[in-house]
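Participant: sequence and computational prediction follow.
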Amino acid sequence: MKKLPVNWQEEVRSFIEGRVRAEKARLLVEEAKLLRDGTKKVSSAELIREDRSR
Amino acid sequence: MSGVAVLDSSVIAALFFSDPCSEEAEKETLSFRVLYTLDLAVAEVANVAWKRIKFFGDDAETVKRLLREAVRFIIEACVKVDSRDVYEDALNLGVELSVPVYDGLFLALTERVGGKLLTCDEKLEVKTRGTRLHKAVKLLKSSEV
């Protein structure tokens, strides 16, 4: 493996960082799911479009 | 899990506030290996929160809590890119496609990272039709269509 022109430390670091981010995404979205049902169903895309096209 | 996605602010807002796009946003977002977004998303999602409290009567404490979670998501679950890193490309795209720079920023980031731009905003998707960027834009379906 040492002969291969690959920065293994960087590869492993990047992989782990990606996995941590993906897991955080899953957990945060899962936690928000119940709470968000307590808000009104409104198109955020339309609200943001109002601001962007002003 | 597939590759790289750039999340438009509309998708992040749909993940944390009830939205016709929420279910699709959740399914699509969590299917990507790496998520990017812009610092601009914090301001745009915060303004959605403000409108929800001021004009739609959502409970302020619930909205504030969800906004905190959304900002955590942007910072901890996404690679957050500064607008200053892509603003020149964004301006060029804005002129080329006749879209505001706000849209141009997300499109420029998408070109930069070579990913898919996920959006719940049909107008953004429509603006890219017939351009080289259209295949990089994925419009997420509303559950009410």
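Facilitator: Nice, I can see it.
Participant: spell out which residues of chain A are next to chain B.
Facilitator: Residues of chain A lying near chain B by CB under 8 Å from any CB of the partner chain: A:18, A:21-22, A:24-26, A:28-29, A:31-33, A:35-45, A:47-49, A:51-53. For the C-beta atoms, the positions are set from N, CA and C on the backbone; glycine is no exception.
Participant: pull out the buried members of those.
Facilitator: When the residues of chain A next to chain B are checked for burial by 16 or more other CB atoms under 10 Å in any protein chain shown, the buried set is A:21-22, A:24-25, A:28-29, A:32, A:35-36, A:39, A:42-45, A:47-49, A:52.
Participant: wasn't A:T39 part of a helix?
Facilitator: No: using DSSP: H, G, I helix; E, B strand; the rest coil, the assignment for A:T39 is coil, not a helix.
Participant: run through the residues that contact B:F16.
Facilitator: Shown in contact with B:F16 (CB atoms under 8 Å, 6 or more residues apart in numbering or on different chains): A:A32, A:R36, B:V45, B:L66, B:L67, B:E69, B:A70, B:F73.
Participant: so which of those belong to helices?
Facilitator: A:A32, A:R36, B:V45, B:L66, B:L67, B:E69, B:A70 (DSSP state H).
Participant: which one of these has the most neighbours?
Facilitator: Neighbour counts for the ones in helices among the contacts of B:F16 (other CB atoms under 10 Å in any protein chain shown) peak at B:V45, which has 29 neighbours.
Participant: about what we covered before: from the ones in helices among the contacts of B:F16, which is closest to B:S142?
Facilitator: A:R36 (15.6 Å; CB to CB).
Participant: one step back: which ones among the buried ones among the residues of chain A next to chain B map onto helices?
Facilitator: A:21-22, A:24-25, A:28-29, A:32, A:35-36, A:44-45, A:47-49, A:52.
Participant: quick check, A:G18 in contact with B:V34.
Facilitator: Yes: at 5.9 Å, A:G18 counts as touching B:V34 under the criterion of CB atoms under 8 Å.
Participant: look up how far B:K64 lies from the residue sitting nearest the centre point of chain A.
Facilitator: Nearest residue to the geometric centre of chain A (CA atoms, centre = their mean): A:A25, 4.6 Å. With distances taken as CB to CB, to the nearest Å, A:A25 is found 21 Å from B:K64.
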